[in-house]
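S.K.: got a predicted structure plus its sequence, pasted below:
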Amino acid sequence: MLSAKAEQFTESVIREMTRLAMKHGAVNLSQGFPDFAAPAEIKEAARQAISDDINQYAITWGAKPLRDAIVEKFERTQGVRVDPEREITICCGSTEAMMSTMLAIINPGDEIVVFEPFYENYGPDAILSGATPRFVKLSPPDWTYDERELAAAFGPHTKAIILNTPNNPTGKVFTRAELEFIRDLCVRWNAYCITDEIYEHILYDGAEHISMARIGGMRDRTIVINGMSKTYSVTGWRVGWAIAPPEPTAAIRKVHDFLTVGAAAPLQQAGAIALKSPQSYYDKLATDYTVRRERLLKILTAAGFTVYKPFGAYYIMTDISGFGFPDDVAFAKVLVEKVGVAVVPGSSFYNDARDGANQVRFTFCKKETTLAAAEERLSRLPEHLGSR
Ligand code: GLN
């Protein structure tokens, strides 16, 4: 009685780990949402919008002030000018922007190239839209790809490559040279690049975020997915967007309209104000995350994890081989139930679970008190290693 598509994937492991964290009273370093306050001015802007009675539907593809603010910010940060009337669709989070995009461009038989490990949503996105994924490995410790493997994944059926930079879960920030190599393949095979840039401002050690839309020749075949969640610490607001050339935007807008009609109108209004934040806001965001990154790297190293240092986003992928568990799921279970720390099993970022069996992902978008509590609990990890 059920859809064959819906039977092909499970519930989100990331969001399940948050439920398990609550059930076991564990410190939640699994799902990537900040546990600290959102900026006061942005919250005030949302309150003001409701008081001003911006409480009915916005235009389905997005409130004009927010679309204008996105245009202004994208031009200021990436030097790319887009048309707010024909190239932007505001959605219910970048999750919906990605799904609407896939549904708007995929036909039966189409293939998409996906770097692996990948943010888990891209799997169900492919299944629901009907795309056949072709996975290309990013290899630790620096998460580089093999150029021949990537080139071999493209072909006459390739509709798009999905890129995520800065990357979840690895923290990789794609370089200009890497983006240009991908560009050459997109041009050769007439494919889109769908680029998820939600962590654009969370960067370390001088890493620079370069949008694929800025790479020569890619302006007209790039679909940028972004949103307010990570940059303004408002993951629950569900305001995201797709920036795409007019033709795909027309299709994305239609899909979006019939999926959700529109994102929350007062929060779009607040978004227009958030996007006008001064550069100092973004600098502080990156500085604060640098401190948290150092803190968690130290905690995990002391607890015996092999860590892969991230250059962007707010996750740390780790190798757990040293602990001698059968796999990542068994390890994560002991960690959440006995040690009291929730993480995401590495296998949820891979097509074949075995590829992630030695990895778990931690997030550090958390208050110092949360990280300190995790430190204290992880110091007791050795007690639980023998008693399995
Ligand atoms: N992107 C975040 C993560 O990877 C949150 C995902 C979600 O639950 N929407 O943890």
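M.R.: Okay, I see it.
S.K.: please count neighbours and contacts with C-alpha atoms only from this point.
M.R.: Fine.
S.K.: what's the closest non-adjacent residue to whichever residue of the stretch 151-300 of the chain sits closest to the ligand?
M.R.: Residue nearest to the ligand within the stretch 151-300 of the chain: residue 168 (6.5 Å; C-alpha to the nearest ligand atom). In space, not counting the residues next to it along the chain, residue 168 is nearest to residue 119; the distance is 5.8 Å by C-alpha to C-alpha, 6 or more residues apart in numbering.
S.K.: touching, the one you found and residue 169? I think so.
M.R.: Yes - with contact defined as C-alpha atoms under 8 Å, residue 119 and residue 169 form a contacting pair (6.5 Å).
S.K.: give the residues shared as contacts by these two.
M.R.: Shared contacts of residue 119 and residue 169, defined by C-alpha atoms under 8 Å, 6 or more residues apart in numbering, are found at residue 349.
S.K.: give me every residue in the stretch 1-150 of the chain lying close to the ligand.
M.R.: 14, 15, 31, 32 (C-alpha under 6 Å from any ligand atom).
S.K.: what's the most distant pair in those?
M.R.: Put simply, by C-alpha to C-alpha the two of those set farthest apart are 15 and 32, 9.5 Å from each other.
S.K.: hang on, the earlier thing: of residue 119 and residue 169, who's got more company?
M.R.: A side-by-side neighbour count of residue 119 and residue 169, using other C-alpha atoms under 10 Å, places residue 169 first with 26 against 18.
S.K.: now for the more buried one: which residues touch it?
M.R.: 117, 118, 119, 315, 316, 317, 349, 361.
S.K.: for the last one, helix, strand, or coil?
M.R.: Per DSSP: H, G, I helix; E, B strand; the rest coil, the local secondary structure of residue 361 is strand.
S.K.: how about the contacts made by it?
M.R.: Contacts of residue 361 (C-alpha under 8 Å, 6+ apart): 30, 169, 315, 316, 317, 318, 343, 344, 345, 346.
S.K.: and the strands in the stretch 1-150 of the chain, which stretches?
M.R.: 27-28, 88-91, 111-116, 132-137 (DSSP state E, counting those that start in this stretch).
S.K.: coming back round to it: more neighbours: residue 15 and residue 32, which one.
M.R.: When residue 15 and residue 32 are compared for neighbours, residue 32 comes out ahead with 21 against 14, by other C-alpha under 10 Å.
S.K.: now do that one, the pLDDT please.
M.R.: You'll see residue 32 listed with a pLDDT of 95.
S.K.: since that was my last question, I'll sign off now.
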